[in-house]
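Asks: Show me the folded form of this:
(2 chains)
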Amino acid sequence: MALSREEVEHIAELAKLALTEEEKTLYAEQLSAILDYFRKLQEVDTSGIPPTATVLPIHNVFRPDEPGDPMPRELLLQNAPAQADGCFQVQMILEFE
Amino acid sequence: MAPYEWTIHETLERMRRGEISAVEVTQAYLSRIEALDPILHAYLTVTPEQALAQAREADARWAAWRRDPTSPLPPLNGIPLAIKDVICVQGVRCTCGSRILENFVPPYEATAVARLREAGAVFVGKTNTDEFAMGSSTENSAFGPTRNPWDLERVPGGSSGGSAAAVAADLCAGALGTDTGGSVRQPAALCGVVGLKPTYGRVSRYGLVAYGSSLDQIGPITKDVRDAAMLLQVIAGPDPRDATSWPAPVPDYTRALIPDLKGVRVGVPPEYFIPGMQPEVEAAVREAIEVMAELGAEVLEVSLPHTPYALPTYYMIAPAEASANLARYDGVKYGLRIQGETIWDTYRLTRGHGFGPEVKRRIMLGTYALSAGYYDAYYLKAQKVRTLIRRDFEQAFEKVDVIVCPTSPTTAFRLGERTADPLQMYLADIFTITANLAGICGISVPCGFDRHGLPIGLQILGPALGEEKILRAAYAYEQATPWHRRRPARVVAGPSGAL
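Replies: As a prediction, the model looks like this:
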């Protein structure tokens, strides 16, 4: 199945990836080839087969809810591209009139 | 023999006898890294000061032990190891082979690393990897590929290619890699060393940068099978910081190292001997199976009928999980930020420039598979086929103890040979991805060489928590054959040699 350029742009927007024009052309072609190959999966009869999300025979893991020592704030912020007043600094996400 | 040629257990024995110190061993590796790594590029970061400081502490513990042999001595005291650069070592840059984390210094330590540190190990550096462990050749590293020590024009495999090349070229005594679809076993095979992927959940993933969370597992890459058992012994076991770690006690793996295969049932799946695979690989693996029979194993044919569907299943599930896991790289808390007009532009620009081509390809593929209208046809379908692949193995392991097959359909391919066609590259994982989908364990051991002198890997798969079974089979085979003792000739010659 061929992915159109518009579909590639839509997926890139969902994934928040800025792509160049060349990348859009390349990915439309490559992802189409990969998805085409994946059609092989449709041959398999999976009626009545449950999906596997994890192989572990574990369902819930509990621990006592006890406070511990948190990581110091300076350590947490040391990799931040921008920080202010002991917080991660970001751009405005809400617009005001 | 130079100290860097010794296995971990040989090194420990010599340190125990007082023939050499941890500082001397560490220095031997650091000098070799300095001489050879500019050519091989197995390391992204080398940490000589920290390594020598750890080695001095190890020597102090050796001295204390000599004064009082009843005092406890950690099991890897003074052993220089390398860590794949997707696993956090506190305070040491962790790039994941990506521009987006080029300057990231983790403020915490992975549990596997903390356990090695506790065991007295010395960390010489962080090894090269395909970006976020996505790849089969280490060519997807944003910092340039690693070269195969057996032939510098060829890839070391991937994604743990840096770790495998470092072990093969004696640039560390052993290493940690990670295996989401074969990334420990396949580079081990292509570099002629031992690589073990533990059962899913056997080793804590805390501090391992996530790629495909239902598949990822940390595993050792070593010079022989005993070393792999020793590293696994230290890193395995439940961890309160990883809710997906398996709450089962850890057995004494070295007790599984028995040099015969009496009473062991070995399964051979015809689905793993396919048209198009390199004939020398098939011949070497068939011969290895005969050696196992001579060692006392009962060899049986077993069928894993859903094997042909494993590759599309994996390349649907892993990118879907990756697309969710990599959403965290938004330029806010850590990593690269490229500021745009709005926060949305910042996200797009940061991610568009920070990620390399293969990572973007997999994010796109995964996002598509998870998007409205396609979820059932792609992602859910793949999860159902995954169930069938698991059942194949469950049924096979009712009849046999281990399954034996090739690790990779070919030996090391040339740099650049497969980079233009993603599907060709994905085929490199065709024999290894099933173990991740089924959550079982597997090991690759050297089983011969092709006509170009490139190593061939034998893969031994075991059931969930069957590490003792695969270690026994691998050890017995290894002890009966000479392959693991061969070293890449030009690299052994060192900087003054032909290299």
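Asks: Residue B:390 is in contact with residue A:55, correct?
Replies: Yes. Judged on Cβ atoms under 8 Å, residue A:55 makes contact with residue B:390 at a distance of 6.7 Å. Bear in mind the C-beta positions are built from the backbone N, C-alpha and C, glycine included.
Asks: so what's in contact with those two at the same time?
Replies: Shared contacts of residue A:55 and residue B:390, defined by Cβ atoms under 8 Å, 6 or more residues apart in numbering or on different chains, comprise B:438-439.
Asks: and stretch B:104-114, how far apart are its ends?
Replies: 19 Å (Cα to Cα, to the nearest Å).
Asks: Help me see whether it makes contact with chain A, please.
Replies: Yes. Stretch B:104-114 is in contact with chain A by Cβ under 8 Å from any Cβ of the partner chain, via B:104-105, B:107-108.
Asks: Looking at those, spot the one nearest chain A.
Replies: residue B:107 (4.3 Å; Cβ to the nearest Cβ).
Asks: give me every residue that touches the closest one.
Replies: By Cβ under 8 Å, 6+ apart, residue B:107 lies in contact with A:71, A:75-76, A:78-79, B:90-91.
Asks: Tell me which of the residues you listed fall in helices.
Replies: Among these, the residues falling in helices (DSSP state H) are A:75-76.
Asks: Which pair of the contacts of residue B:107 spans the longest distance?
Replies: Maximum pairwise distance in these, criterion Cβ to Cβ, is 14.2 Å, between A:76 and B:91.
Asks: excluding its backbone neighbours, what's nearest residue A:9?
Replies: residue A:24 (6.6 Å; Cβ to Cβ, 6 or more residues apart in numbering or on different chains).
Asks: What separation is there between the residue nearest the centre of chain B and chain A?
Replies: By Cα atoms, centre = their mean, chain B has its centre lying nearest to residue B:184, at 2.2 Å. Going from residue B:184 to chain A by Cβ to the nearest Cβ, to the nearest Å gives 17 Å.
Asks: where in the chain is pLDDT low?
Replies: Since you didn't name a chain, this refers to chain A. Within chain A, the set of residues satisfying pLDDT under 70 comprises A:1, A:97.
Asks: could you do chain B instead?
Replies: Using pLDDT under 70, chain B drops low at B:490-499.
Asks: if you set the cut-off to 90 instead, what comes out?
Replies: B:1, B:71-72, B:275-276, B:372-374, B:420-424, B:427-428, B:489-499 (pLDDT under 90).
Asks: Could you pull up the residues touching the closest residue to residue B:223 other than its chain neighbours?
Replies: Nearest non-adjacent residue to residue B:223, counting by Cβ to Cβ, 6+ apart: residue B:7, 4.7 Å away. By Cβ under 8 Å, 6+ apart, the contact list for residue B:7 reads B:173, B:222-224, B:226-227.
Asks: burial of residue 84, as a residue count?
Replies: With no chain named, the answer covers chain A. Applying other Cβ atoms under 10 Å in any protein chain shown, we find 10 other residues in the vicinity of residue A:84.
Asks: actually chain B
Replies: Neighbours of residue B:84 using other Cβ under 10 Å come to 32.
Asks: so it touches residue B:125, yeah?
Replies: No. Taking contacts as Cβ under 8 Å, residue B:84 lies outside contact range of residue B:125: 10.5 Å.
Asks: What segments of the chain are strands?
Replies: You didn't pick a chain, so chain A it is. Secondary structure of chain A (DSSP state E): strands at A:83-84, A:87-88.
Asks: if you could check chain B rather than the one you did, that'd help
Replies: B:43-46, B:80-84, B:122-127, B:174-178, B:194-197, B:218-222, B:265-268, B:298-301, B:402-406, B:441-449, B:455-462.
Asks: list the helices and strands the second one packs on?
Replies: The reference is to strand B:80-84. Strand B:80-84 is packed against helix B:22-40, strand B:122-127, helix B:161-168, strand B:174-178, with contacts defined by 3 or more Cβ pairs under 8 Å, 6 or more residues apart in numbering or on different chains; DSSP states H and E.
Asks: Any chance of TSV for those, columns mean neighbour count and distance to chain A?
Replies: What follows is the helices and strands packed on strand B:80-84, written out as TSV (neighbours: other Cβ atoms under 10 Å in any protein chain shown; distance: least, Cβ to the nearest Cβ, whole Å):
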stretch	mean neighbour count	distance to chain A
helix B:22-40	20	26
strand B:122-127	28	16
helix B:161-168	36	23
strand B:174-178	29	17
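Asks: Including distance to residue B:302, could those go into JSON lines?
Replies: Below are those laid out as JSON lines (distance: least, Cβ to Cβ, whole Å):
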{"stretch": "helix B:22-40", "distance to residue B:302": "39"}
{"stretch": "strand B:122-127", "distance to residue B:302": "35"}
{"stretch": "helix B:161-168", "distance to residue B:302": "29"}
{"stretch": "strand B:174-178", "distance to residue B:302": "28"}
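Asks: Test my guess that the residue nearest to residue A:9 contacts residue A:7.
Replies: No. Residue A:24 is beyond contact range of residue A:7, at 10.2 Å (criterion: Cβ under 8 Å).
Asks: Can you tell me how far residue B:277 is from residue A:3?
Replies: 31 Å (Cβ to Cβ, to the nearest Å).
Asks: Looking at the two, which one has more neighbours?
Replies: Neighbour count, other Cβ under 10 Å: between residue B:277 and residue A:3, residue A:3 has more, with 21 against 17.
Asks: Now do the contacts for residue B:40.
Replies: Neighbouring residues of residue B:40 by Cβ under 8 Å, 6+ apart: B:146-147, B:149, B:152, B:165-166, B:169, B:171, B:491.
Asks: Quick one: buried ones out of those residues?
Replies: Buried members of the contacts of residue B:40, scored by 16 or more other Cβ atoms under 10 Å in any protein chain shown, are B:146-147, B:149, B:165-166, B:169, B:171, B:491.
Asks: how near is the residue in chain B sticking out farthest from the centre to chain A?
Replies: The centre of chain B is farthest from one residue, residue B:341, which by Cα atoms, centre = their mean lies 41.6 Å away. Here residue B:341 is placed at a distance of 9 Å from chain A (Cβ to the nearest Cβ).
Asks: In contact with that residue, which residues?
Replies: With Cβ under 8 Å, 6+ apart as the criterion, no residue contacts residue B:341.
Asks: That'll do, ta.
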